[in-house]
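Enquirer: quick one, fold the following:
(chains A and B, ligands or ions: 1)
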Amino acid sequence: MRFVDEFRDAELGRALAEEIHATVEPERHYKIMEVCGGHTHAIYKYGVDDLLPSNVEFVHGPGCPVCVIPMGRVDDGIALAHEPGVIFTCFGDMLRVPGSTETLLDAKAQGADVRIVYSPLDALRIAKENPDREIVFFAIGFETTAPSTALTLRRAKAEGARNFSVICSHVTIVPPLRALLESPEVRLDGFIGPGHVATVIGARPFQFIPEQYGKPLAISGFEPLDVLQSVLMVLRQLVEARAEVENQYARVVPWEGNPRALEIMDEVFTLRDRFEWRGLGFISESALRLSDDYAEWDAEERFAVPDVRVADPKACQCGEVLRGVIKPWECKVFGTACTPERPIGTCMVSSEGACAAYYNYGRFAREREVL
Amino acid sequence: MTDCVAAHGCITCGDQAIPMRVAIVDSERGLALCSDAEGRRSSVETALVEPVQPGELLLVHAGTALARAPGPQPAESAAVGETAP
Ligand code: SF4
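Expert: Prediction:
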């Protein structure tokens, strides 16, 4: 596809990398957080980090939806999957996320009816095809994914689908970023902002980062050239002592977001008072539950959900990885006890997770596609 | 798109959206049958980008079109090239 090819052009990539080398001040060290797991994945897949000067460092952010799910929440999903008569539906990555005693894949092996779907709409279709079963959809993801769940719930309500419900674990991106900026152990110079979250919520909600914390941010697309150009935008701001929200992905991201998506999310969801994030602890108003109008489709209302807080396994250092405090390979079990085939922590499960990205592209397979 | 463990990343779980071309529009139900670059077809919610026409390229995430995907516009490639020496 030409549209995509242009953003993977190796010549342009090298030219951008040269521009970056010419921009940085050699005595400074720059720590730039790419918030989104999709960017982490692109950086290692295309070797974007190899093109940067050694004093520009990527710090991986908390924007991988699977990685931030706490173990107790996984247990809640597994408990529902074991309910008699339930067909439990979820995105593929959730299957291998370890709960405290098993994964959804283990539950499936023991006879639970767990099915992978690619959209909440698929889950609703399964509900229509199986009127005598209860279909539960495990909704995870940031504001990119929440509109899909909201539209499906509106559809379920309009069509009177009573055998469909959602265990809502959608999270919002701004509160964890604020928590990171407030954390004394995290020192960051700038941010690569999440392009598709911003397609939904707009670039405006990120303004607090320059305004209140004096850090630059560039909302970025997902092709390697997008990421390189965003890095350059952030570095230029730092060198020129500016701090603002710049929109590298303006070809898709409107300043105000998608008003229809915001409206439907507002109708279907309300903010939870607080939600537990893996590695970041409880953060107030950082996740969504179904609004009272949609209580009938809320799996947490319909079933008894254990809702027990479970501490992460001792060996797991995902929290430190998610806060950017350690690099994935610094975790004691990285690549030994914890691999994508047998993950201990969530960051090794999803290919958007920092540990899986390092493992897949950094350590074992260094074939890069283009750049 | 079909393999979350694949090197392409998980489209649904990650903050990713893929370009899909509209084939057939069912405006009454707010759906469109779309196909991805490999020709795989699926139903897509179009409520956030309506109205859509056959042939349009949409950015799709978890079965919902979030935005129109811009086509290969010379101005955009120039914008990327702008920073190059
Ligand atoms: S290597 Fe495994 S346990 Fe360690 S931080 Fe990464 S995912 Fe977590």
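Enquirer: buried residues in stretch A:308-324?
Expert: For stretch A:308-324, the buried set under the neighbour-count rule, 16 or more other CB atoms under 10 Å in any protein chain shown, comprises A:310, A:312-313, A:316-324. (C-beta placed from N, C-alpha, C; glycine too.)
Enquirer: turn those residues into CSV, columns for distance to chain B.
Expert: Listed next are the buried residues of stretch A:308-324 as CSV, based on distance: CB to the nearest CB, whole Å:
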residue, distance to chain B
A:310, 21
A:312, 20
A:313, 22
A:316, 19
A:317, 21
A:318, 16
A:319, 19
A:320, 21
A:321, 16
A:322, 15
A:323, 18
A:324, 17
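Enquirer: nearest to residue A:134, of those residues?
Expert: Among these, residue A:310 lies closest to residue A:134 (CB to CB), at 24.9 Å.
Enquirer: contacting residues around the closest one?
Expert: For residue A:310, the residues meeting the contact criterion (CB atoms under 8 Å, 6 or more residues apart in numbering or on different chains) are A:70-72, A:75, A:99-100.
Enquirer: one more: residue B:23?
Expert: B:32-35, B:41, B:54.
Enquirer: count the neighbours of residue 24 for me.
Expert: Since no chain was named, I'll use chain A. Using other CB atoms under 10 Å in any protein chain shown, the number of residues around residue A:24 comes to 21.
Enquirer: please go with chain B instead
Expert: Neighbours of residue B:24 (other CB under 10 Å): 11.
Enquirer: identify the farthest-apart pair in the contacts of residue B:23.
Expert: Checking the contacts of residue B:23 with CB to CB, the most distant pair is B:41 and B:54, at 13.0 Å.
Enquirer: would you turn the buried residues of stretch A:308-324 into CSV with pLDDT, secondary structure and distance to residue A:36?
Expert: Formatted as CSV, the buried residues of stretch A:308-324 follow (pLDDT from 0 to 100; DSSP: H, G, I helix; E, B strand; the rest coil; distance: CB to CB, whole Å):
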residue, pLDDT, secondary structure, distance to residue A:36
A:310, 83, coil, 26
A:312, 77, coil, 22
A:313, 77, coil, 26
A:316, 83, coil, 22
A:317, 87, coil, 21
A:318, 85, helix, 17
A:319, 84, helix, 18
A:320, 85, helix, 19
A:321, 86, helix, 15
A:322, 82, helix, 13
A:323, 82, coil, 15
A:324, 81, coil, 13
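Enquirer: near the ligand, list only the ones from these.
Expert: A:316-318, A:321 (CB under 6 Å from any ligand atom).
Enquirer: on that earlier part again, closest to chain B among the contacts of residue A:310?
Expert: residue A:70 (16.0 Å; CB to the nearest CB).
Enquirer: now do the same contact list for the closest one.
Expert: Per CB under 8 Å, 6+ apart, neighbours of residue A:70: A:276-278, A:309-310, A:312.
Enquirer: next: residue A:204.
Expert: A:245, A:255-257.
Enquirer: try 6 Å this time
Expert: The neighbours of residue A:204, taking CB atoms under 6 Å, 6 or more residues apart in numbering or on different chains as the test, are residue A:255.
Enquirer: what residues of the longest strand along chain B count as buried?
Expert: For chain B, the longest strand by residue count, based on DSSP state E, is strand B:18-26. Neighbour counts using 16+ other CB under 10 Å place B:18-22, B:25 of strand B:18-26 among the buried residues.
Enquirer: quick one: the residue of chain B found nearest chain A and residue B:49, what's the gap?
Expert: Relative to chain A, the nearest point of chain B is residue B:63 (2.4 Å; CB to the nearest CB). Here residue B:63 is placed at a distance of 13 Å from residue B:49 (CB to CB, to the nearest Å).
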